[in-house]
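Participant: Give me coordinates for this.
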Amino acid sequence: MRQDIEVGDHLLAINVEQKYNPADKAEAIGFNVRVIVTRHDGMPVRGSTLAEDSGELTGAHGPYTTVADAIAHGESWGRHFVARILGGAV
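Facilitator: The predicted model follows:
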């Protein structure tokens, strides 16, 4: 699942992926999230980097139990990144 959220001049592309048990690929165990941060105007996010990637984010004790939990964490991470790292609007 994918959800886009605008944060000031930035766009958060939040991608949620279902995770499976490594020992049993048929058993879903939750969801992970990844956030890609870009700018609306196509300018670099910082330096010469056009996009920043959060990498795979998981809950404190493994994958998130719901898609909503994963999206909420991805949005929180993205807003924090824009505000604290990039110095933009939240």
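
Participant: what's the pLDDT at Arg46?
Facilitator: Per-residue confidence (pLDDT) for Arg46: 88.

Participant: was I right about Val16 contacting Ala72?
Facilitator: No. Contact criterion Cβ atoms under 8 Å: Val16 and Ala72 do not qualify, at 10.5 Å. Placement of C-beta: from N, CA and C, glycine included.

Participant: Those two: who's more crowded?
Facilitator: Using other Cβ atoms under 10 Å as the criterion, Val16 and Ala72 rank with Val16 on top: 21 against 14.

Participant: gap between Ile5 and Gly62?
Facilitator: Ile5 is 25 Å from Gly62, where distance means Cβ to Cβ, to the nearest Å.

Participant: okay, those two: which has more neighbours?
Facilitator: Taking other Cβ under 10 Å, Ile5 and Gly62 do not tie; Ile5 has more neighbours (15 against 11).

Participant: Now that one: closest residue in space that isn't a chain neighbour?
Facilitator: Leu12 (4.5 Å; Cβ to Cβ, 6 or more residues apart in numbering).

Participant: For beta bridges, what are the partners of the residue positioned nearest the centre of the chain?
Facilitator: Nearest residue to the geometric centre of the chain (Cα atoms, centre = their mean): Val35, 2.3 Å. Per DSSP bridges, the residues bridged to Val35 are Ile14.

Participant: ok, and for stretch 37-45, which residues are buried?
Facilitator: 37-39, 45 (16 or more other Cβ atoms under 10 Å).
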